[in-house]
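# let me see the structure of the following:
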Amino acid sequence: MPDLYAQALDELAAVFGRLDSQEVDQAIGAIAGANRIALYGVGREGLQIKGFAMRLFHLGLKAAMVGDMTTPPVGPGDLLIVSAGPGAFSTVLALMGVAKQAGAKILVVTAQAGGEAARQADHVLVIPAQTMANDRPAEKAAISVLPMGSLYEGAQYVLFEIMILKLRDRLGIAAETMRGNHTNLE
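Down below sits the predicted model:
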């Protein structure tokens with residue numbers, strides 16, 4: 001079993017070794033410049049996006065998950081962040097259409113730079129990791145020790161936390177300010 005831990009960590013390190021830091025910086029710029037931020041993802045990707053939304057809120061940004069009753073409308077000056085690891089999901093594409101029509105910008109986080117969601121986005125952040133779109137040996141790529149899209153989802157978690165640190169520095173927000181925005185209702 002210890003070899004599985006090491007292999008999973010090595011795979012995550014390899015993802016970050018291939019990550020385009022300019023794309024990360026551009027995504028951070030889009031977030032920092034947005035008025036309101038709406039976020040959406042499905043399945044386990046959605047769980048990672050929810051964690052990212054929470055941290056954006058801790059920074060004091062106007063961030064909300066699509067589908068929550070308190071999510072405001074988006075429009076010019078706002079940003080929709082969606083995750084589409086395998087390239088597209090029908091719900092993601094539909095929400096992108098609504099946001100674009102309302103004048104909001106769109107940031108797509110994906111493993112598929114050529115996917116349909118990425119082609120329709122204003123900003124694209126590629127996480128070069130296995131998803132369910134390429135988790136089979138027939139894909140001719142090395143298969144992760146982690147099942148299905150777990151490598152992508154694990155990379156999302158780490159990347160989003162690093163992005164929060166970079167945003168915190170860029171916006172001049174103290175760690176104590178973030179802590180002060182954390183709920184006391186736990």
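# next one: phi and psi at the spatially most central residue of the chain?
Note on the chain: the residue nearest the mean C-alpha position is V109, at 4.9 Å, using Cα atoms, centre = their mean. Recorded main-chain torsions at V109 are phi -100, psi 120, according to degrees, to the nearest 10.
# what about it, distance to A121?
For V109, the distance to A121 equals 9 Å [Cβ to Cβ, to the nearest Å]. Any C-beta I mention is one placed from the backbone N, CA and C, and that applies to glycine too.
# now do M54
Taken as Cβ to Cβ, the span from M54 to A121 is 23 Å.
# return the residues in contact with A63.
Neighbour list for A63: R36, I37, A38, L39, A53, L56, F57 [criterion: Cβ atoms under 8 Å, 6 or more residues apart in numbering].
# no, scratch that, I was asking about V109
V109 is in contact with A27, I49, I81, V82, S83, A84, G85, L125, I127, Q156, counting by Cβ under 8 Å, 6+ apart.
# need the contact list for the second one.
Which is I49. By Cβ under 8 Å, 6+ apart, the neighbours of I49 are L39, Y40, G41, M65, I81, V82, S83, V109, Q156.
# cool, the third one as well?
Applying Cβ under 8 Å, 6+ apart, one finds that I81 lies in contact with I31, I37, A38, L39, Y40, I49, F52, I106, L107, V109.
# CSV for those residues, including pLDDT?
Supplementary listing: the contacts of I81 in CSV, determined by pLDDT from 0 to 100:
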residue, pLDDT
I31, 98
I37, 98
A38, 98
L39, 98
Y40, 98
I49, 98
F52, 98
I106, 98
L107, 98
V109, 98
